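Colleague: structure here, sequence nowhere to be found:
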Ligand SMILES: [Mg+2]
């Protein structure tokens with residue numbers, strides 16, 4: 001059995017990690033690419049999945065550089081997202097796991113490519129906003145990855161090597177590299193894909209597995 005790793009803070013990605021929102025987001029994200037850029041469903045799906053974890057704004061701009069359709073596509077995505085994001089369920093063990101981590105002593109954060117007010121509203125409606133030390137969302141120039149980790153480290157006095165980031169996308173892993181440890185959550189990508197991307201740490205299927213593999217660093 002591997003030794004438990006010690007941290008002070010656990011940072012969760014939001015979409016696909018805490019909230020079971022990826023089927024919904026992928027569906028609207030792919031439809032919008034097909035509608036605005038005339039690509040096939042297969043092509044749109046590949047473009048969406050290869051950039052998932054980034055703000056949709058970036059997913060569009062990376063896949064369709066300089067297209068005059070970009071602003072309309074991004075705007076439509078954000079409109080459709082806000083209409084139905086609050087209907088998306090938490091993963092079954094998300095609340096239980098975050099409560100348990102709080103009890104163990106961890107500061108629990110969210111770092112996401114979704115806007116901060118959207119996540120706060122979502123958690124308020126589920127009655128769990130108070131379980132999080134802070135919600136760090138996307139705004140232009142302030143992204144999941146370096147910006148968010150440095151913000152948490154300096155704002156809450158938590159050294160980077162005492163925090164672990166939990167996420168479901170390859171981009172989450174890439175963005176944590178060189179900053180903090182990463183725990184991969186299987187879903188959109190399996191263990192093999194994370195390994196191929198260079199991830200050497202743990203891969204879990206259920207959030208509740210986290211409490212078995214980490215401990216609070218006194
Ligand atoms: Mg995610």
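Modeller: On my side now, so go ahead. Only a predicted model underlies this, so the values are computations on that prediction, with no experimental measurement involved. Residues are numbered from 1 along each chain as shown.
Colleague: low-confidence stretches in the protein?
Modeller: Scanning the chain for pLDDT under 70 picks out the ranges 1.
Colleague: how many other residues sit next to the closest residue to the ion within it?
Modeller: The minimum distance from the chain to the ion, using C-beta to the ion, falls at residue 16 (3.6 Å). C-beta: built from backbone N, CA, C; applies to glycine. Using other C-beta atoms under 10 Å, residue 16 is surrounded by 23 other residues.
Colleague: what of residue 27?
Modeller: Count around residue 27 with other C-beta under 10 Å applied: 12.
Colleague: touching, the residue of the chain closest to the ion and residue 186? I think so.
Modeller: No: in this structure, residue 16 is not within contact of residue 186 by C-beta atoms under 8 Å, at 10.5 Å.
Colleague: what touches both of the two?
Modeller: residue 168 (C-beta atoms under 8 Å, 6 or more residues apart in numbering).
Colleague: so who does the residue of the chain closest to the ion touch?
Modeller: Neighbour list for residue 16: 22, 52, 167-169, 185, 187-188 [criterion: C-beta under 8 Å, 6+ apart].
Colleague: which phi and psi does residue 178 have?
Modeller: phi 90, psi -10 (degrees, to the nearest 10).
Colleague: next: residue 167.
Modeller: Note on residue 167: its backbone torsions stand at phi -150, psi 170 [degrees, to the nearest 10].
Colleague: ok, back up a step: who wins on neighbours among the contacts of residue 16?
Modeller: Using other C-beta under 10 Å as the neighbour criterion, residue 169 leads those with 28 neighbours.
Colleague: from what I can see it touches residue 189, true?
Modeller: Yes: here residue 169 reaches residue 189: they are 6.8 Å apart, a contact under C-beta under 8 Å.
Colleague: can you narrow the contacts of residue 16 to ones near the ion?
Modeller: Among the contacts of residue 16, the residues lying close to the ion (C-beta under 5 Å from the ion) are 168-169.
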